[in-house]
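A.B. asks: Predicted model follows, preceded by the sequence.
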Amino acid sequence: MKQNEFDVIILGGGITGAGTHRDCCLRGLRSLLIEKKDIATGATGRNHGLLHSGARYAVNDPESAEECIRENMILRRIAAHCVEETDGLFITLPDDDLGYQKTFVDACRKAGIDAQIIDPELARRLEPSVNPALIGAVKVPDGAVDPFRLCAANMLDAQLHGGQVRLGTEVTGFIREGDRIVGVHTVDRRTGENADYYAPVTVNAGGIWGHGIAAMAGVEVGMYPAKGALLIFAHRVNNYVINRCRKPSNADILVPGDTVCIIGTTSTRIPFEECDDVAVTPDEVDLLITEGAQLAPALSSTRILRAYAGVRPLVSADNDPTGRSISRGIVCLDHAQRDGLEGFVTITGGKLMTYRLMAEQATDAVCRMIGVYKASYTENTPIPGSQVKSYEEVAGKIWEKPSAAQKSAASRMGTRAADISEGDASVICECEEVSAAELKLAIDRLSASTLTDLRRRTRVGMGTCQGQFCACRAAGLLAEAHGCVEKERRDLADFLQERWKGNFPIGWGDTLREAEFTQWTYKHVLGL
Amino acid sequence: MRFDCVITGGGLAGLIAGISLQKEGRSTAIVSTGQNAMHFFSGTFESVKEAPARLAEIFEAAGIKVHYSAGVRLMPMGTFREAELALGDVDIFPSERFASKALIVSFRGEQGFFTGFLADGLEKAGIACRLAAIDRSSGIKKIAAAVSGLLDGEDAVVLPQVFGQKDSADVEYLREAIPAKVVFAGTQPPSVPGIRTQMQLKDYYISLGGTFLQGDEVTGAHVHDGVVHSVVTRNLDSHYLEADCFVLASGGFFSKGLLATPTSVVEPVFGLDVDYPADRSEWYDPSFAADQPYMRFGVKTDVALHPMIAGESVRNLYVAGSILGATRPEFGTGAGLAIRSAFAVVDSILKP
Amino acid sequence: MSYQEKTISNHNFEECTKCTICTLYCPVMKVNPLYPGPKQAGPDGERLRLKNPWFFNYALKYCMNCKRCEVSCPSGVGVADLIQSARIKYDKSAPKLRDRMLASTDFMGKLARPVAPLVNFGTSLGITKTALDWTLGIDHRRSFPKYSGRSFESWLKKHASKQAAFPEQVAYFHGCYVNYNNPQLGKDLVKVLNALGIGVQLLDGEKCCGIAMITNGMSAQATKHAKHNVAVLGKAVDAGLKVVATSSTCAFTMRDEYRSLLGVDNSAVRDSILMATRYIYEKLENGAKLRFKPDFHLKAAYHTPCHMEKMGWGVFTERLLRMIPGLELTVLDSACCGIAGTYGFKKENYASSQAIGEELFKHIREADPEVVACDCETCKWQIEMSTGYTVMNPISILAEAIED
């Protein structure tokens, strides 16, 4: 096999692509993943980070609910360092129909979800931030999952099993032999270099951008972009996931994750042209705060860190041109069967929660097409970092008296934290406690080439100061690693721009004080 | 307690006003909520060209060294900016190529001094650079000796601007002792020369008999018929501070002189009229690098720098410093705005 | 819309903009590399502790609770409150015998008072100090406050009827130090107030303010004391009395720490608790007169204790002292003396404690006064031990300056 020949090419560096890449590699395929930007830049990194129990779907979409609870239990096992086992509450407020609770619990139990009605008083005790006016509560095995970490760990495992990755690389066209796709033309967006890669199967795992990829291949996948806006609050207000026990609606999930909590979402159809640059509107912000305060009243007096939005790739069940029959279920299309186009698979629909199952189905399809008969074993194989379940235990094994940054590293990296035990312990990001060693490892081993890439892999710049103090320090590390100061100067400006984009929609109170301080520092004091 | 004048805000504007009034024999108090933006001072004064005689007098009496010469200064990220009036620590060069070869020395383990960016900037200006790192030994003499020992034909040394929290003796010593042109480049905030300047001004103010209430906060005021009678502070609670006149120099958003809510921008102590557009979407420019509209918001004032409540001037209250935003463009921005508006307020107060 | 008015954070630690000013003014950070500093220990650490209490760091015990971080914070964050609250909430280790002894200032006082000469002799002996050092971890270089043979309370009770005869009345929270170690300071206060026509009453059974318990991991006991004191203070306040104190730490603890650290509601009494210097200054400002000795002369340097600095009341003491004819006053640059109550008594803190105080000691030596004036008894011990200069409470200076 030549350098540019593979068994499979996967398009898209979101969680679906990363999971498929890993599964392919674990099954011994030579796999190449191509991503236009960076890992987890699409819907993967722009959601709640909710480890669904499936309860939310139990009433309306029992099939999704069953998938969720199954994958939920698998992720707790194989991705321990990406998961927080918080449990969740579905609360009934005085305005809601308490009668729905029974329908809900019955549906959950039918789907295999351990849903337990608890006394409202107990709910208030378990989760002191919950709206004290609640009249009913159900406890379910919801949790939190860090999608950046999960995506990076899947990528890393693929790499450890021989997989290759081209980030910042865009597919410009397909290479065809008759009715068969045999490869892709690409351009490296940073260097402008063109390259062709060949494989008997190409997997389209481009999320909402998969629509365009399919079109480029000459097939149509009925997708509909739905924007969802979310708000990040500056600290963890809650420790349980809080949902409304009613038919799913806007801004009715509050998820605690790492040092913050996130309220969302809205749902608005948008045109494809807007997918690359979605903005949160003032109306959406207002709605999220108002509805969020219904779940946890403290949100109305908590500093908001950022507003952001993602685009859900909604898929019509199949070939329905009206788009009415939308499913949240997994859609795995073998275009040979569907469209007569050989060597092309689209994996879409589904959700973050079911990425592993999606990856398994896509990899099964790939294996079928190239005649490899190996079963997936991702269900029982921990991703790198998740070999030990508790991060407290991990830190205790590595350090006698772990510092805040070392404890934080263990909570982010799991067992991989051992790799930085000897490195430069100076703290670069003080809000999120990220050390120089952790950043250097992300540059060397997780292919981070910009500050934004580093943020996704380490949480640098995600904290209260939003990069005010750490961005210039981390930029120094990147400039050193890449040997190019001029590029880093631009990267730093891009990073600050990206932070500001999430700040100004909620630019008041302490958020504006921080922003004023940051803008003043970089412009007038540092002279960027 | 009764004073001739009570000043809210212990930053540059408040201190300049307090010092000037004390010098004219007025008794004053300054209420300062913690430390302030002087701690992030870049070292050059925007919007003030040559120091006017009265400013130079204050700086000299306070032991603050400044110098004037139009040119460019080196910024912490390796860029150059035009500058005219600067603290003694900050060099102003006639052109960017201030040396032919420079040695950039950092202290091991200390962050916030951007050697890579500085070297890149200097090389673009035609100055060959070499980087070195030393341990921060105790004693300025050892540091000077260590740096001198590293020199290898360089005609300039660039050091982090971290010397002399109390006075500029160490800065001057390094310039004397190292046989090359010594240039201090800024670090990430806080700024040591800024802190020193703040302390020197505060000490000078106290030496003139001023009362500096550190860590206190003006929480309210008694205003009747367009006249302020007293202010209330968090620490002194029922013990009001009374005065003939009052100065508000409480800063911008960062210092909480102005407070933004999602629907309004308010001045929290007196409820003064603030100039800002009602539509929140007009408060920001989506580009981080652009001049931000919100930074221009400020308290509305009349000719004599009296602010207004519901359109009516408050006759014995004056406003100075960044709480003015860009509502009084004649005073400029940044340090210049603080100094020039403070002097204008003092003139207004002293006018017979 | 109403919701929007509320979205200004009222979670105080979120007002931190990470500007790092507090770290510049933390006296501990300068000398103790084990201490993570007020920003990390306070608002930064708080976010992590909310994520998982496991992030609590035992190095928070190095915080002296001097509150200088709060005085310097441009954002009004209760940094030291966050640190001390975290210790109360998360530090589950039982306090050592040594810490319990140091914290029980009134209990120890009660035990020691009847046998005061013996105790004073004992604690001044080198061998006893060495034993305390080895067995308990109380540093042998420390000198101990002397215990007095007769308590202030018993003295004042004897004079109760004379005090009741004054037309105006005030209650006095004397604290453990005046009661057991220095009753003379209490007598000095009575002299000054009597000269103003004000009689002095005891509270109906005050207890130690509890600060030493708070900082030594005994918050449950401290809370009991706080509730007791709020109740007895309440009786005095209901009777229309102000309550004065001569110890800045006692006053500060009862005004601010009861509520912010112990969650004890003191709102009914807080504003009535005043430092004696503020109370007397306000009287004089409103026209009351004291007759000063015509030939009084003293060169004094005023050191503002940390808690006085935090309350913002140094200005009252300073102005009061300046009213004394013949008093030549220097106000020292505000700096921590390093003792921080019981902190400096601990073997592990001795070196830090002395290093922190060095800047102040230097200023004192430069000013070279006849006495150092200071509103805090633990500062007094530290300064006297470390510099050899005599330290007097401003009230005692005032008492000396007025006619008998």
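C.D. replies: Nice, thanks for sending it over.

A.B. asks: going forward, measure contacts and count neighbours with C-alpha atoms only.
C.D. replies: OK.

A.B. asks: Just the strands from the stretch 301-404 of chain C, written as ranges.
C.D. replies: Using DSSP state E, counting those that start in this stretch, the strands of the stretch 301-404 of chain C run over C:327-331, C:371-373, C:390-392.

A.B. asks: ranking those strands by burial, who's on top?
C.D. replies: Of all these, strand C:371-373 has the most neighbours on average by mean count of other CA atoms under 10 Å in any protein chain shown, namely a mean of 24.

A.B. asks: What helices and strands are in contact with it?
C.D. replies: Strand C:371-373 is packed against strand C:298-302, strand C:390-392, with contacts defined by 3 or more CA pairs under 8 Å, 6 or more residues apart in numbering or on different chains; DSSP states H and E.

A.B. asks: Sheet-wise, list the partners of that strand with their directions.
C.D. replies: strand C:298-302 (parallel), strand C:390-392 (parallel) (DSSP bridges).

A.B. asks: Would you mind measuring from the closest residue to B:Val299 other than its chain neighbours to chain A?
C.D. replies: Closest residue to B:Val299 apart from its sequence neighbours, by CA to CA, 6 or more residues apart in numbering or on different chains: B:Val274 at 4.3 Å. Between B:Val274 and chain A the computed distance is 15 Å (CA to the nearest CA, to the nearest Å).

A.B. asks: Return the per-residue confidence for B:Val274.
C.D. replies: B:Val274 is assigned a pLDDT of 98 by the prediction.

A.B. asks: Who are the contact partners of it?
C.D. replies: B:Val274 makes contact with B:Val265, B:Val266, B:Glu267, B:Phe297, B:Gly298, B:Val299, B:Lys300, according to CA atoms under 8 Å, 6 or more residues apart in numbering or on different chains.

A.B. asks: swap the cut-off to 10 Å and go again
C.D. replies: Shown in contact with B:Val274 (CA atoms under 10 Å, 6 or more residues apart in numbering or on different chains): B:258, B:264-267, B:297-301, B:307-310, B:323-325, B:327.

A.B. asks: Break chain A down into its domains, please.
C.D. replies: If you go by automatic domain parsing, the domain ranges for chain A are A:8-43+A:148-220+A:319-380, A:82-145+A:224-315, A:423-525.

A.B. asks: what about the second one, how long is it end to end?
C.D. replies: It refers to domain A:82-145+A:224-315. In domain A:82-145+A:224-315, first residue to last residue: 27 Å (CA to CA, to the nearest Å).

A.B. asks: got any ranges where the stretch 101-250 of chain B has weak pLDDT?
C.D. replies: For the stretch 101-250 of chain B, no stretch has pLDDT under 70.

A.B. asks: what are the ranges of the helices in it?
C.D. replies: B:115-124, B:140-150, B:169-177, B:192-207 (DSSP state H, counting those that start in this stretch).

A.B. asks: tell me which residues form a beta bridge with residue 198?
C.D. replies: In the absence of a named chain, chain A is used. A:Glu5, A:Gly183.

A.B. asks: Switch to chain C, please.
C.D. replies: Per DSSP bridges, the residues bridged to C:Ile198 are C:Glu168.

A.B. asks: residues in contact with it?
C.D. replies: Applying CA under 10 Å, 6+ apart, the residues contacting C:Ile198 are C:Gln163, C:Ala164, C:Ala165, C:Phe166, C:Pro167, C:Glu168, C:Gln169, C:Val170, C:Val190, C:Lys191, C:Val192.

A.B. asks: redo that, cut-off 6 Å
C.D. replies: C:Phe166, C:Glu168, C:Gln169 (CA atoms under 6 Å, 6 or more residues apart in numbering or on different chains).

A.B. asks: Kindly indicate which of the residues you listed lies nearest A:Asn250.
C.D. replies: Distance to A:Asn250 across the contacts of C:Ile198 (CA to CA) is lowest for C:Gln169, with 63.7 Å.

A.B. asks: What is the neighbour count of the nearest residue to that closest one once chain neighbours are set aside?
C.D. replies: Among residues not flanking C:Gln169 along the chain, C:Gly199 sits closest, at 4.7 Å (CA to CA, 6+ apart). Neighbours of C:Gly199 under the rule other CA atoms under 10 Å in any protein chain shown: 24.
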